[in-house]
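Q: Using only what follows, build the 3D model:
(chains A and B)
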There are 2 protein chains.
Amino acid sequence: MGRRNLGPYPKGVKVQAAPLMLTRFVSKTILQFLFAQAPNAGYPLATPPPSTTAHLRQSLQLRRSLYFSMALRFEVLGRFNRARAAQLTLPHYVCHTPLFMPVGTQGTIKGMTNSQLEEIGCQIILGNTYHLALRPTSELIDELGGLHKFMNWPRALLTDSGGFQMVSLLHLADITENGVTFQSPVDGKPMLLTPEESIEIQNRIGADIIMALDDVVRTTITGPRIEEAMYRTLRWIDRCIAAHKRPHEQNLFGIVQGGLDPVLRDICVRGLVDRNLPGYAIGGLAGGEDKDSFWRVVAQCTAALPEDKPRYVMGVGYPLDIVVCSALGADMYDCVYPTRTARFGTALVPEGVLKLKHQAMADDTLPIDPTCTCMVCKNYSRAYIHCLVTKDAMGSQLLSYHNLYYMMKLSRDLHSSIIQGRFPEFVCGFLQKMFPKGDVPKWVCNAMEVAGIDISSCCAPFLTSQD
Amino acid sequence: MGRRNLGPYPKGVKVQAAPLMLTRFVSKTILQFLFAQAPNAGYPLATPPPSTTAHLRQSLQLRRSLYFSMALRFEVLGRFNRARAAQLTLPHYVCHTPLFMPVGTQGTIKGMTNSQLEEIGCQIILGNTYHLALRPTSELIDELGGLHKFMNWPRALLTDSGGFQMVSLLHLADITENGVTFQSPVDGKPMLLTPEESIEIQNRIGADIIMALDDVVRTTITGPRIEEAMYRTLRWIDRCIAAHKRPHEQNLFGIVQGGLDPVLRDICVRGLVDRNLPGYAIGGLAGGEDKDSFWRVVAQCTAALPEDKPRYVMGVGYPLDIVVCSALGADMYDCVYPTRTARFGTALVPEGVLKLKHQAMADDTLPIDPTCTCMVCKNYSRAYIHCLVTKDAMGSQLLSYHNLYYMMKLSRDLHSSIIQGRFPEFVCGFLQKMFPKGDVPKWVCNAMEVAGIDISSCCAPFLTSQD
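A: Model (predicted):
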């Protein structure tokens, strides 16, 4: 792990997190365990924690934890091993975690009215700062009374920093120590988004949670760029904190970077925790890395982040990933997946997905999911939606409704099963429906061992014995 | 009007309406009056009926009329001169007229859920037989329990014959005595839609009102083709009646054709009325003819159609046209206009239309229409919708909602103002908002004279004196 030979920093920038702090923060044993099967790690998989009934009962003797700041209150209401169910009180809404946040690029979730979003139990909407800053501009949103008022959304809002979208959407974006330099999509001139400017824009937009500008790199790249990005993210967090003008009304979350390298992740977590932020995000994942690497980074970060503050895994949206991450102690998720896949004609169902464009749907009179109680499943047949998705935007609207309902219900089910001490049963039921033959993916089995959830009842005997 | 020298009919086809019946049905005086300003007519405009208060009061001494068949009950609840407000009881819904029917091409109104349509007071949806017959096919709709069940719409439905869409959408459509021949959009082979087949398809779809297959020609063409189409429409009505297998559950409406020629229109009305159908449509209009020709055809047909049966002006959807036609005694309308114009970013407002894409909307915090109480006007600003319409489909959804709400409210206002004896006041208020300078178009003034509605209070003195 010889990556501590860091390059020189720009003058005047204070490096907050020294690599030597590593051993104080996360023991070698934990690292060995977590990264036993990570690429190039080579450690044997450590023995998982016992998961007897006695152990499960004991784990329910909860350590309740509570964090309170001017603009956020996070109260853990129940735990099951690493999983937790909490009440997250934000300026505009009292949320329950685990929770999923739909992405509303243009100040709207495609195809859903706000009353429909309230109807299905949506607690927080994510607004893309980049899009909002371009149109209608953050100045105008500020003049009109903030994004809540502009989009008439009474519940909680989160805005991203704008940096990720600039880097991912624009080919000509470049990251320097000062910020993200990109070509203006309006007039083609070079523009710069600095940490200060990102926070200024987000202060004007006025969301309940605002995100620090980070230096994001793909998890699939290797080499010194990962390390550079992590340290830059740490340097930028102080500029974000200093620029934040509304800490009593808006919560600035820091973002853990560091790619798939456990040492870098550890340094980043440590550096951010030192800043005592109201919440933390795990960034840079869901970008094409293998699933075993994915869950191990999540597991490491959730283990190291404070017990009494929300943990948000960015860009994660497959139902299976959310169940696994929640078992590992994550609380918040966001993804365009449920609405994007709806536009491709795909519905989320307990068995996985249902492709409504398939010819077999043409005369199927069943609802999308006979066990679902959403407006769409109560009112429409697969045949009707098949007829629409092949031609009309209405089809994807109905599917978006169903898919987001599915995600909201999944969030509620995670919360209540943790509170009621039946989280393992819920996870097993979930996996049984998705993998009726017992062929639960190996990475899920590995993650559940670390999470202390016994899923042997929903794994086929042969496959289980192979693990 | 020397168009009675008709060509030979196909053998075995009985010509129902003889030209000689003309004088029995509509007097020369009425024709002279109605077509005083029609192109090439040359008659002076006759004196309009008196519109003193005494006259208005007298006109409120209503002749109540009631038509009752197995599948339709039409009860006139109130009149104001020619205008009437009625209760139209159909197998699936008790409607109030005048009413506007949104067009749901694919078994759905673009951008609106059925619960939203119920919410805004939509009474009847129009389904396009051509689209439904192509996908999912009428056989499948029949198997699935009919269109009401398929699209989960509990209220009334109307289907068109399919002919108009074939002629208007397909370049290679051709009309012969047997039916509409067209190239299949699926495999390119020639196909034939006969009157019998149109009714068979509509019987399978199962709407409350089904439309006869007619021979539609543009109102802007002239010559013997108009006459041929009108007589063919009359010949086809008998084939439609004979083919109709569900007269106790579905109401077959005949369609008056005849272009802008009052003699041909008269023959067609007479022929259809002889068949004692449950309702009548005025077809072939809203196809580019001048407004004075348009309203005169409507006025002639509504005057000649039975008092106790619904009158449906096809393809009409501008609010002003609906107010004028209602004053002339029409009851039902359909048009894609409110939803299509929404997709172009335009909202219907009392003043006319509001173009939300206009730069002036970017920072306008008012609702679309400050006097409107719809969900959209209660919740969103012009600035927000401006931001959406320039990029996102959600903008047009919100505009569709508002525009259809506007049309439904217009229908309700027409109904209640007629019932309450304040129809002229309503019309004047409507015109005042739309033409605040008093520059009410001449064709509207002409039509209102025939309708016996005094609109002098909302016309500018100078303009009025010019009339």
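
Q: Going by C-alpha atoms from here, please, whenever you check contacts or count neighbours.
A: Fine.

Q: For the stretch 1-150 of chain A, give me the ranges with low pLDDT.
A: For the stretch 1-150 of chain A, the stretches flagged by pLDDT under 70 are A:1-63, A:106-107.

Q: what are the ranges of the helices in it?
A: According to DSSP state H, counting those that start in this stretch, the stretch 1-150 of chain A carries its helices in the segments A:22-25, A:28-34, A:53-60, A:114-119, A:129-134, A:138-143, A:147-150.

Q: so how far is chain B from the residue of chain A most remote from its centre?
A: Distance from the C-alpha centroid of chain A peaks at residue A:363, with 37.5 Å (C-alpha atoms, centre = their mean). Distance from residue A:363 to chain B, counting by C-alpha to the nearest C-alpha, to the nearest Å: 7 Å.

Q: and that residue, backbone torsions?
A: Phi and psi for residue A:363, reported as degrees, to the nearest 10, are phi -130, psi 30.

Q: got the contact list for it?
A: A:382, A:383, B:140, B:144 (C-alpha atoms under 8 Å, 6 or more residues apart in numbering or on different chains).

Q: try 6 Å this time
A: Contact criterion C-alpha atoms under 6 Å, 6 or more residues apart in numbering or on different chains gives residue A:383 as the residues in contact with residue A:363.

Q: Equivalent analysis for the one 4 residues further on, please.
A: The contact partners of residue A:367, taken as C-alpha under 6 Å, 6+ apart, are A:377, A:381, A:382.

Q: With adjacent residues omitted, what lies nearest to it?
A: The shortest distance from residue A:367 to any non-neighbouring residue, by C-alpha to C-alpha, 6 or more residues apart in numbering or on different chains, is to residue A:381 (4.5 Å).

Q: For the one you found, grab the count of nearby residues.
A: 26 (other C-alpha atoms under 10 Å in any protein chain shown).

Q: from what I can see it touches residue A:366, true?
A: Yes: when contacts are counted by C-alpha atoms under 6 Å, residue A:381 is listed as touching residue A:366 (5.3 Å).

Q: And the residue nearest to residue A:367, how close does it get to residue B:115?
A: Distance from residue A:381 to residue B:115, counting by C-alpha to C-alpha, to the nearest Å: 16 Å.

Q: For chain A, what lies in contact range of chain B?
A: Near chain B, the residues belonging to chain A are A:111, A:136, A:394 when assessed by C-alpha under 6 Å from any C-alpha of the partner chain.

Q: 7 Å - rerun?
A: Applying the criterion C-alpha under 7 Å from any C-alpha of the partner chain, the portion of chain A that neighbours chain B consists of A:106, A:110-111, A:135-136, A:140, A:150-152, A:363, A:379-380, A:384, A:387-388, A:394.

Q: Mind picking the two most distant members of these?
A: A:140 and A:363 (49.2 Å; C-alpha to C-alpha).

Q: quick one on the thing from earlier: closest to chain B among the contacts of residue A:367?
A: Among these, residue A:381 lies closest to chain B (C-alpha to the nearest C-alpha), at 7.3 Å.

Q: Verify the contact between that closest one and residue A:369 for me.
A: No: the pair residue A:381 and residue A:369 does not pass the contact test of C-alpha atoms under 7 Å, sitting 9.6 Å apart.

Q: what residues do the two have in common as contacts?
A: Taking C-alpha atoms under 7 Å, 6 or more residues apart in numbering or on different chains as the contact definition, residue A:381 and residue A:369 share no neighbouring residue.

Q: Check which residues of the helix or strand where residue A:272 lies are buried.
A: In this structure, residue A:272 is located in helix A:262-274 according to DSSP states H and E. Residues of helix A:262-274 classed as buried by neighbour count (16 or more other C-alpha atoms under 10 Å in any protein chain shown): A:262, A:263, A:264, A:265, A:266, A:267, A:268, A:269, A:270, A:271, A:272, A:273.

Q: now do stretch A:416-424
A: Neighbour-count burial for stretch A:416-424, with 16+ other C-alpha under 10 Å as criterion, is recorded at A:416, A:417, A:418, A:419, A:421, A:423, A:424.

Q: Good, wrapping up.
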